[in-house]
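[1] here is my input; please provide its structure:
(chains A, B, C and D)
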Protein chains: 2
Amino acid sequence: MAEEELNIGVLLFIPYRAMENRVFAALADAGYADFTVAQARVVQRIGPNGTRLTELAEQAQITKQTAGFLVDQLEKAGYVQRVPDPTDGRARLVRIAERGATAAALANRVAADIEAEWTEHLGAQHMRQLRRALTRLREITDPYQ
Amino acid sequence: MAEEELNIGVLLFIPYRAMENRVFAALADAGYADFTVAQARVVQRIGPNGTRLTELAEQAQITKQTAGFLVDQLEKAGYVQRVPDPTDGRARLVRIAERGATAAALANRVAADIEAEWTEHLGAQHMRQLRRALTRLREITDPYQ
DNA sequence: ACTAGTTAATCAGCCTCTCTGACTATCGTC
DNA sequence: GACGATAGTCAGAGAGGCTGATTAACTAGT
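    Have a look, this model is predicted:
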């Protein structure tokens, strides 16, 4: 569908997918092959002092069970740790482990490189406008702030 | 990660996901509940005269097997038909069926409504700039033109 | 005309991610 | 203390994706 003009949703998806693919390819090349998109969506929500499973699940918009499943894998692979929450005996905090922090740093570096390429192609001003428009769009499309 | 400024990939993903969710909710409400995201990504690539399975798979970036599985479901549900390709005895063309065309029309209408809301929020000029930037980004991020 | 290679599609089996439903342990409140 | 809410886990199921192997049909190179 859409003969002349592509749906704006598709237009958003194309560069998103391109970035995702390149970041994961770079991680795989660097020896982090056991890292998946689903895991990444959880890891990104972990705060500096650790975050509870339930909160991760809410923010990633998945069930607690699914979040638990993904955190199990991340823990086995050494990307995160689970530590008891001192303020609540039922809860545990999921924290980024060293391997996770290294991988995240690499991912951020690659993402920044790609953004730089995009800026090269669009020009700095249009890139700034793009970022601004997307940030404003977030006001009406992001359930989490 | 990203304390002050969100990664551009995430910024692209948030509105994309919001649109997708709303379109599928509208389709489900209208009686097209048996229609999934994975199926939609295939259906969107079907051309006016029908498209081969292999080509659909390539463009949707999935394997032929997966594409075949999804087209099976779409065919059972009445959204598409498979007809022999007159130019190649091995191949068959996947075509949109009537139920598929009706659903697609509804989906496009809902997507246009959402885009109108976004235009309302951003202003017409910024929306035009957004569309333009994304279209130009497509030049370097879309493997299929 | 035959062989070899390519392409279109399918079959079989497996893995990952996601869900629902049911359960245990702990917390907070009245 | 009793009760409802909350944090997390266990069990089972389904969707959507993969690799590998196979069949059928087209295309080229002798």
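[2] after the longest helix anywhere in chain A comes which helix or strand?
    Assignment by DSSP state H gives helix A:98-122 as the longest helix of chain A. Using DSSP states H and E, the next helix or strand after helix A:98-122 towards the C-terminus is helix A:124-141.
[3] which other helices and strands does that next one contact?
    When contacts are defined as 3 or more C-beta pairs under 8 Å, 6 or more residues apart in numbering or on different chains; DSSP states H and E, helix A:124-141 packs onto helix A:98-122, helix B:8-29, helix B:98-122, helix B:124-141. In short, each C-beta sits where N, CA and C put it, glycine included.
[4] try it again with 10 Å
    helix A:8-29, helix A:98-122, helix B:8-29, helix B:98-122, helix B:124-141 (3 or more C-beta pairs under 10 Å, 6 or more residues apart in numbering or on different chains; DSSP states H and E).
[5] and the gap between the residue nearest to A:L130 when sequence neighbours are not counted and B:P143?
    Take A:L130 and drop its neighbours on the chain: the residue closest to it by C-beta to C-beta, 6 or more residues apart in numbering or on different chains is B:A133, 4.3 Å away. Going from B:A133 to B:P143 by C-beta to C-beta, to the nearest Å gives 19 Å.
[6] so where's chain A uncertain?
    Scanning chain A with the threshold set as pLDDT under 70 gives A:1-4, A:144-145.
[7] could you measure from the residue of it found nearest DNA strand C over to A:I46?
    Nearest residue of chain A to DNA strand C (C-beta to the nearest atom of the strand) works out as A:G89 at 2.3 Å. Taking C-beta to C-beta as the measure, A:G89 falls 21 Å from A:I46.
[8] of the two, who's got more company?
    Counting neighbours by other C-beta atoms under 10 Å in any protein chain shown for A:G89 and for A:I46 shows that A:I46 has the greater number, 23 against 8.
[9] tell me the SS of that one?
    Per DSSP: H, G, I helix; E, B strand; the rest coil, the secondary structure class of A:I46 is coil.
[10] and it, how far from A:V83?
    Between A:I46 and A:V83 the distance is 12 Å, computed by C-beta to C-beta.
[11] quickly list what's touching both of these two.
    Common neighbours of A:I46 and A:V83, using C-beta atoms under 10 Å, 6 or more residues apart in numbering or on different chains, are A:L93, A:V94, A:R95.
[12] contact residues of chain A facing DNA strand D?
    A:52-55, A:64-65, A:68, A:71, A:82, A:85, A:88, A:90-93 (C-beta under 7 Å from any atom of the strand).
[13] and these, which of them are buried?
    Buried members of the residues of chain A next to DNA strand D, scored by 16 or more other C-beta atoms under 10 Å in any protein chain shown, are A:R52, A:L53, A:E55, A:V71, A:R82, A:R92, A:L93.
[14] is the helix or strand harbouring A:Q39 positioned near DNA strand C?
    Using DSSP H and E, A:Q39 sits in helix A:37-43. Yes - residues of helix A:37-43 contacting DNA strand C under C-beta under 7 Å from any atom of the strand: A:V37, A:A38, A:Q39, A:R41.
[15] burial count for A:L74?
    Neighbours of A:L74 (other C-beta under 10 Å): 26.
[16] right, and A:N49 touches A:T87 too?
    No - between A:N49 and A:T87 there is no contact under C-beta atoms under 10 Å: 11.2 Å.
[17] shared neighbours of the two, anything?
    Common contacts of A:N49 and A:T87 (C-beta under 10 Å, 6+ apart): A:L93.
[18] one step back: got the residues of helix A:37-43 next to DNA strand C as JSON lines, with neighbour count columns?
    Converted to JSON lines, the residues of helix A:37-43 next to DNA strand C look like this (neighbours: other C-beta atoms under 10 Å in any protein chain shown):
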{"residue": "A:V37", "neighbour count": "10"}
{"residue": "A:A38", "neighbour count": "15"}
{"residue": "A:Q39", "neighbour count": "18"}
{"residue": "A:R41", "neighbour count": "18"}
